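> Predicted model follows, preceded by the sequence.
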Amino acid sequence: MPLIRMGYNAFKDVEKRMKYRFWDKERQRSNRAAAKADRVPIGVLCPLRHDTIAWSGPPHDSVLRYVCVHCGSYASEHMIKHMGYDFETVPDYVLHNLMDEMLRQNAAG
């Protein structure tokens with residue numbers, strides 16, 4: 001029986017289909033994070049303690065920042081660098097403190 005070879009790569013086909021299905025998710029999450037950051041948070045503390053944090057930045061938003069999906073509080077790159085940390089390697093407790101401070105400032109007026 002002869003061996004039949006085809007120019008079909010199943011891995012590429014699966015990757016292509018996954019890209020069609022999930023390509024827009026990153027953009028949607030970034031846009032949602034930017035919209036949440038623009039809203040004024042209602043409470044003084046996040047009800048879920050900032051357990052879901054999204055990244056928001058270029059090209060969808062002009063400011064690079066981490067945004068809490070639940071309460072809308074954020075920590076921008078400028079705030080993080082002012083504290084002496086790098087945006088990519090900032091510890092979680094610093095992010096949480098900055099986000100809590102933003103909630104307190106917005107609640108105070």
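Good, I have the coordinates.
> So for stretch 4-12, mean pLDDT?
On average, the pLDDT along stretch 4-12 is 76.
> That stretch: end-to-end distance?
End-to-end distance for stretch 4-12, by C-alpha to C-alpha, to the nearest Å: 20 Å.
> just how off-centre is it within its chain?
37 Å (C-alpha atoms, centre = their mean, to the nearest Å).
> same deal with stretch 54-68?
For stretch 54-68, the distance to the chain centre is 7 Å (C-alpha atoms, centre = their mean).
> Strands along the chain, start to end?
53-56, 65-68, 74-76 (DSSP state E).
> Run through the neighbouring helices and strands of the first one.
Going back to what we said before, that points to strand 53-56. helix 25-38, strand 65-68 (3 or more C-beta pairs under 8 Å, 6 or more residues apart in numbering; DSSP states H and E). C-beta coordinates here come from the backbone N, C-alpha and C atoms, glycine included.
> Out of these, which gets the lowest mean score?
helix 25-38 (a mean of 67).
> State which helix of the protein is the longest.
Using DSSP state H, we find that the single longest helix of the chain is helix 92-108.
> what packs against that one?
Here helix 92-108 touches strand 65-68, strand 74-76, helix 77-82, going by 3+ C-beta pairs under 8 Å, 6+ apart.
> Deepest in the core, which of those is it.
Highest mean neighbour count of these: strand 65-68, a mean of 26 (counted as mean count of other C-beta atoms under 10 Å).
> Using PDB, write down the CA coordinates of that one.
Taking C-alpha atoms only, strand 65-68 is exported to PDB below (Å, rounded to 0.1, in the frame of the first residue of the first chain):
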ATOM      1  CA  ARG A  65      -2.200  50.600  34.600                       C
ATOM      2  CA  TYR A  66      -3.500  47.700  36.600                       C
ATOM      3  CA  VAL A  67      -7.300  47.800  37.200                       C
ATOM      4  CA  CYS A  68      -9.400  45.800  39.700                       C
END
